[in-house]
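Asker: A predicted structure for the sequence below; I have some questions about it.
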Amino acid sequence: MTLSTIEFKLPVPAMQGFFGERLATYATQVTPKSIIPLLGHDPRSKNWPRLPSEIREIYEFLQRKTAKSRRDSIVGYMEERFGPDALTIGAFPAISIGFLEPLDFDPIADLNGVGILKVDLAPSTVRVMLDGLGRVTGALDLVDEGRDDILQNVVIPVTIFAPKPGQRPLLYKEMGQLFHDMNFKVQPVSRNHAVALDTSDLYITFANRLAQIPVITDNGGVAERAASLGKKSTELVVQTVLVRFVRGALEGRSFQESNLASVESPNLTRDGFNNALASVDSFLTTFAQSMAEKYRDRDSLHLTSPGWQALGIFYHDLKYRLGLDDFRISIFAEKAGKLDWSRYNPAWIPLLGQPEIDKVTGEEIANADGLKRVSIAGAGRSNVQNITDYIRANTGVDELLAGLRVEDRDEQTA
């Protein structure tokens, strides 16, 4: 009697595809806890020194070590999107795993490429992560932490790349080419488009939720993907400007100015997200009610980029620097709404620019009262500061800020 050998092959439902003459693909999905059994090893960079030499060399040649910031970002994304009380929907693109050797696939009749993939789990079968190491690192860290409250809502799509049956094994350099194609042959999108699409950033998520409050939706809403509002625009604000407002309102001037700025102890956290949203909603709503019909005037300075940013800093003054409650914040929001935000306010010249010149007559533009219309000299840092100073001075907030300790006043002159 001949003894049969034991084969370590896992049957996996999959859909077969292909690229060119040599590559077959198999699309399936796995839970985070199944990733290590599927790979036969832990692919996280912290474990590379413990891998067999041939596997370790592949990772060190193909992959980049996952930075802590990247890992924390992925974990935060999963907590925010897949955990209880998720702020918004979320998903991951498929991770990619490469097998050096061809795999057996049994198609199911009449199902057009659907079948059973027999994944060889033997230690001698070389398979490595080609793409998605950061996503996998975050997911496996949550497995280690026992975060079943999140992981129970996660199934990760997987694309397996392997030689077509009958083709020779892949070379390590070919694996490297696939990694290069997946990670570097991409076309970056514009910042405006990226902000419109990105909801993994907590401040962008906040701005997106803020865009749904009545004081914004009922007055034109938000223009996504646009760099600025055109003359025929009906929206209230551009999305990127609203994000600037949010960053300034929640974390202050320096964080507003730089997309690369970080905060050691941020005011916006996932746990406090809804409370912060309600507070900013109350501020904007009170400000709009105080302005009444003038709030809708798209020619008014409060709806310009520096105006929005200055309002964000003003809220930050009230909430985080002065520590006022929402009732007292509403008092100052009402005062700010009663200021003259029109372009004919004499205070704007030369604070924000010079009188606007009529292109036809060459004369300075003025209204019926003889007040000249300001031509704003850009949306730069100085104009944001000048409008902020104007709001502070004319609402009495500057006197309150002057009473802070010197070390708490740094941002006032930042």
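Answerer: The structure has been received and is ready for your questions. Numbers count the residues shown, from 1 in each chain.

Asker: Where does pLDDT dip in this protein?
Answerer: Low-confidence segments of the chain, defined by pLDDT under 70, are located at 1-7, 62, 183-200, 225-227, 378-379, 405-414.

Asker: How is it divided into domains?
Answerer: Each domain of the chain is listed here as a residue range: 9-184, 191-342+378-413, per automatic domain parsing.

Asker: Using TSV, lay out those domains together with distance to I349.
Answerer: C-beta coordinates here come from the backbone N, C-alpha and C atoms, glycine included. What follows is the domains of the chain, written out as TSV (distance: least, C-beta to C-beta, whole Å):
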stretch	distance to I349
domain 9-184	44
domain 191-342+378-413	11
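
Asker: Ok, which of those comes nearest P355?
Answerer: With C-beta to C-beta as the criterion, P355 lies closest to domain 191-342+378-413 of these, at 14.0 Å.

Asker: before we move on, back to that, how about the domains of the chain, which one is nearest Q354?
Answerer: Comparing the domains of the chain against Q354 with C-beta to C-beta, the closest turns out to be domain 191-342+378-413 (12.3 Å).

Asker: which strand is the longest one in this protein?
Answerer: In the chain, taking DSSP state E as the definition, the longest strand is strand 9-19.

Asker: Could you find the closest non-adjacent residue to P123?
Answerer: Excluding its sequence neighbours, the residue lying closest to P123 (C-beta to C-beta, 6 or more residues apart in numbering) is G40, at 6.2 Å.

Asker: What distance do you get for the one you found to E257?
Answerer: As judged by C-beta to C-beta, to the nearest Å, G40 and E257 stand 48 Å apart.

Asker: Of these two, which one has the most company?
Answerer: Of the pair G40 and E257, G40 is the one with more neighbours under other C-beta atoms under 10 Å, namely 21 against 16.

Asker: Can you name the residues that contact that one?
Answerer: Contact partners of G40, counting by C-beta atoms under 8 Å, 6 or more residues apart in numbering, are 121, 123, 125, 127.

Asker: With G83 instead?
Answerer: Counting by C-beta under 8 Å, 6+ apart, the residues that G83 touches are 147, 149-150, 153.

Asker: Which single one of these is nearest to G353?
Answerer: Taking C-beta to C-beta as the measure, I150 is the one of the contacts of G83 closest to G353, at 51.1 Å.

Asker: Now the phi/psi pair for the closest one, please.
Answerer: Backbone geometry at I150, expressed as degrees, to the nearest 10, gives phi -100, psi -50.

Asker: Count the residues that sit near it.
Answerer: Neighbouring residues of I150 were enumerated by other C-beta under 10 Å; the total is 21.

Asker: ok, so what distance separates the residue lying closest to A211 once chain neighbours are set aside from L87?
Answerer: With sequence-adjacent residues excluded and distances taken as C-beta to C-beta, 6+ apart, A211 is closest to V222, at 4.3 Å. V222 sits 17 Å away from L87, taking C-beta to C-beta as the criterion.

Asker: Could you do I116 as well?
Answerer: 39 Å.

Asker: which of those two has more neighbours?
Answerer: Each of I116 and L87 had its neighbours counted (other C-beta under 10 Å), and the higher figure belongs to L87 (19 against 15).

Asker: Contacts only, for K68.
Answerer: With contacts defined as C-beta under 8 Å, 6+ apart, K68 is in contact with no residue.

Asker: Show me the strands in the stretch 1-150 of the chain, by range?
Answerer: In the stretch 1-150 of the chain, strands defined by DSSP state E, counting those that start in this stretch lie at 9-19, 23-30, 95-99, 104-107, 114-120, 127-131, listed in chain order.

Asker: what angle do the helix or strand where D181 lies and strand 9-19 make?
Answerer: When secondary structure is defined by DSSP states H and E, D181 falls within helix 172-184. Using axes from the mean of the first three to the mean of the last three C-alpha atoms, to 10 degrees, the direction of helix 172-184 lies 70 degrees away from that of strand 9-19.

Asker: Do a quick rundown of the strands in the stretch 151-300 of the chain.
Answerer: For the stretch 151-300 of the chain, the strands identified by DSSP E, counting those that start in this stretch occupy 156-163, 222-223, 237-238, in order along the chain.

Asker: how close does I160 get to R50?
Answerer: Between I160 and R50 the computed distance is 24 Å (C-beta to C-beta).

Asker: got it, and D369?
Answerer: Distance, D369 to R50, using C-beta to C-beta: 79 Å.

Asker: Who is I97 paired with across the strands?
Answerer: Under the criterion DSSP bridges, I97 forms beta bridges with M129, I160.

Asker: Who are the contact partners of it?
Answerer: Taking C-beta under 8 Å, 6+ apart as the test, what I97 contacts is 38-39, 127-130, 158-161.

Asker: I'd like to know which of those residues is nearest to E57.
Answerer: Closest approach to E57 among those (C-beta to C-beta): V128, at 10.3 Å.

Asker: So that closest one is in contact with P43, correct?
Answerer: Yes - with contact defined as C-beta atoms under 8 Å, V128 counts as touching P43 (7.3 Å).

Asker: Which residues are in contact with each of these two?
Answerer: Among the neighbours of V128, those also in contact with P43 (C-beta under 8 Å, 6+ apart) are Y59.

Asker: Now the host helix or strand of S382: buried residues?
Answerer: If you go by DSSP H and E, S382 is part of helix 381-395. When burial is assessed from 16 or more other C-beta atoms under 10 Å, helix 381-395 yields the following buried residues: 383-392, 395.

Asker: Please list the outside residues in contact with that helix.
Answerer: 257, 301, 306-307, 309-311, 313-314, 317, 332, 335-336, 339, 347, 351-352, 376-377, 397-398, 401.

Asker: so where do the helices sit in the stretch 301-414 of the chain?
Answerer: All helices of the stretch 301-414 of the chain, identified by DSSP state H, counting those that start in this stretch, fall at 305-316, 326-337, 348-351, 381-395, 397-402.

Asker: Now distance to T205 too, for those, in a markdown table please.
Answerer: Listed next are these as a markdown table, based on distance: least, C-beta to C-beta, whole Å:
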| stretch | distance to T205 |
| --- | --- |
| helix 305-316 | 16 |
| helix 326-337 | 21 |
| helix 348-351 | 34 |
| helix 381-395 | 24 |
| helix 397-402 | 29 |
